[in-house]
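S.K.: no sequence on this one, just coordinates:
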């Protein structure tokens, strides 16, 4: 079991100044990642970055409500709502209500996976606990049951160093 405390991971500012990202885990290392799990601090309204070829899962885990404005719809999210999935090549505009929110992001290139409210059954699983800001990552079996957001990614080249 690997335990990652999000607040111990350095935050990198976004180029647009609207927030910061903590990369919790990603793989494979070297070159471009095929999968990436990160925690974003959303401080201001602004567009998401365009990531063509990337499937994005997004779960608001803490803070104020937000809206994601896509070309064809606007979705309101609060902490604890089910995760959203969307094409990273068509990014939304994010509006932060109240000035502060935190979101868990799973980004996948040519892999299957998801964020979910319960264990996913995937061979590689993790659990992010919003209350403790901790990621419990297990390469062999599911982490112990707890409240949070489950991460499941298909098996394969998912071990990192």
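M.R.: Sure, I can see it. Note that the structure is a prediction, hence the values are computed from the model and not measured.
S.K.: Need the residue closest to the centroid of the chain.
M.R.: Centrality entry for the chain: nearest residue to the mean C-alpha point is residue 105, 1.4 Å, by CA atoms, centre = their mean.
S.K.: okay, now the closest residue to it other than its chain neighbours: neighbour count?
M.R.: The shortest distance from residue 105 to any non-neighbouring residue, by CB to CB, 6 or more residues apart in numbering, is to residue 38 (4.9 Å). Backbone N, C-alpha and C define where each C-beta goes, glycine included. Look at residue 38: counted by other CB atoms under 10 Å, it has 18 neighbours.
S.K.: what does the model give residue 38 for pLDDT?
M.R.: Model confidence at residue 38, expressed as pLDDT, equals 94.
S.K.: Wait, residue 107 touches residue 52, no?
M.R.: No: checked against CB atoms under 8 Å, the pair residue 107 and residue 52 is beyond contact range at 11.8 Å.
S.K.: Neighbour count: the two, which is higher?
M.R.: Each of residue 107 and residue 52 had its neighbours counted (other CB under 10 Å), and the higher figure belongs to residue 107 (20 against 10).
S.K.: before we move on, back to that, got a list of what the residue nearest to residue 105 touches?
M.R.: In this structure, residue 38 makes contact with 21-24, 26, 104-105, 107, judged by CB atoms under 8 Å, 6 or more residues apart in numbering.
S.K.: One more: residue 16?
M.R.: Each residue near residue 16 by CB under 8 Å, 6+ apart is listed here: 46-47.
S.K.: can you pull the pLDDT of it?
M.R.: Per-residue confidence for residue 16 comes out at a pLDDT of 73.
S.K.: ok, now how distant is it from residue 59?
M.R.: Here the criterion is CB to CB, to the nearest Å. By it, residue 16 lies 21 Å from residue 59.
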